[in-house]
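Enquirer: Whatever this is, show me its structure:
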Amino acid sequence: MHDAGTHARVDSWVWAVRLFRTRTLASAACRAGHVKVNGEKAKAATSVRVGDEVRVRGDGPERIVDVSRIVVKRVGATVAAECLVDRSPPPPTREEVAAVPYRDRGAGRPTKRERRQIDEMRGRHGV
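Expert: The predicted model follows:
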């Protein structure tokens, strides 16, 4: 295996366990503040150890994982699943997701009254 020992850089670890497609994306997410280790914003060189909690905000919902094994080289999906414990909340059901307003094609621009109703539905009162 490609075990690194007791600790690894967070950008390398999240890439190795396939939370990001490339190491560059992992480093950029760290710079942007989208990666947290034990509740603190993590720079790319922040060390992670077994037992640490890593939160990653990416394209989809936030992923919350616990480090169960340290790896620095990218590994297969089955090995990557053994390196972390996924504690992310399940995605919302279809009923929980708000319905997107739909206008018929060719209906034209919304009237002022319809725009007010849309703003009210989106929670933007008096904007």
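
Enquirer: packing partners for the helix or strand of the chain with the lowest mean pLDDT?
Expert: Here the helix or strand of the chain ranked lowest by mean pLDDT, DSSP states H and E is helix 112-121, holding a mean of 87. Of the remaining helices and strands, none touches helix 112-121 by 3 or more Cβ pairs under 8 Å, 6 or more residues apart in numbering; DSSP states H and E. The way it works is simple: take the backbone N, C-alpha and C, and place the C-beta from them, glycine included.

Enquirer: Okay, strands next: where are they in this structure?
Expert: 7-9, 35-37, 40-41, 47-49, 53-56, 63-67, 84-86 (DSSP state E).

Enquirer: Let me see the ranges of the helices in the protein.
Expert: All helices of the chain, identified by DSSP state H, fall at 10-16, 23-32, 77-82, 112-121.

Enquirer: Which of these has the highest mean neighbour count?
Expert: When you average the neighbours per residue for each of these (mean count of other Cβ atoms under 10 Å), helix 10-16 leads with a mean of 25.

Enquirer: rewinding a little: indicate which one of the helices of the chain is closest to R49.
Expert: Closest approach to R49 among the helices of the chain is made by helix 10-16 (9.9 Å; Cβ to Cβ).

Enquirer: just checking, what packs against the closest one?
Expert: Using 3+ Cβ pairs under 8 Å, 6+ apart, the elements in contact with helix 10-16 are helix 23-32, strand 35-37, strand 47-49, strand 53-56.
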